[in-house]
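# model the following, please.
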Amino acid sequence: MECQIRPANAADCLQMMELIHELALFEKAPHEVTVSLEEFVDAGFGKNPVWGAFVAEIQGMIVGMSLYYIRYSTWKGRRLYLEDLIVNEPYRGKGIGKLLLDKTIAYAQEKNYSGIMWQVLNWNEPAIKFYEKYQATFDGEWINVNLNFDKK
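Below you'll find the predicted structure:
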């Protein structure tokens, strides 16, 4: 089974949303996914896109994705923020996550960004072990802060 890593396009968004819902179930927070498919497509491929992504495709099926956006650090400059790295459960452990992360790292380096940032749940041991292979550093000092707005 050959896996192709390529930039996402608007036609991929439905399958990408399926992966997002799968991740939310894995993270025990399925109710937290409130974005509509329409908004997701517009945010990635509309007039003012705010995210980009690479997808892992096998025989026409999206089995993984790396979704990112650009953030700015007053200390470090432009950085890539890896919002999600998702591989469909039956395809985990087959190197697809590595292919996606390697492609994302190469993209950030091509753009001359100062680095990549992301979050991982402290109980997600397989992901933590995976990121440790990249010599990623884990910050125990900062606390995540969110301010959510109800959409009417």
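
# CA atoms for contacts and neighbours, from now on please.
Fine.

# continuing past the longest strand seen in the chain, what's the next helix or strand?
Secondary structure of the chain per DSSP state E: the longest strand is strand 61-73. Downstream of strand 61-73, the next assigned helix or strand under DSSP states H and E is strand 77-87.

# list the pairing partners of that next one within its sheet, with orientation.
Partners of strand 77-87 in the sheet, by DSSP bridges, are strand 61-73 (antiparallel), strand 116-117 (parallel).

# low pLDDT regions in this structure?
Scanning the chain with the threshold set as pLDDT under 70 gives 152.

# which residues of it fall in helices?
13-26, 37-45, 96-110, 125-132 (DSSP state H).

# in TSV, list the ones you listed along with mean neighbour count and distance to D139.
Shown next, in TSV, are those (neighbours: other CA atoms under 10 Å; distance: least, CA to CA, whole Å):
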stretch	mean neighbour count	distance to D139
helix 13-26	17	23
helix 37-45	16	29
helix 96-110	17	19
helix 125-132	13	12
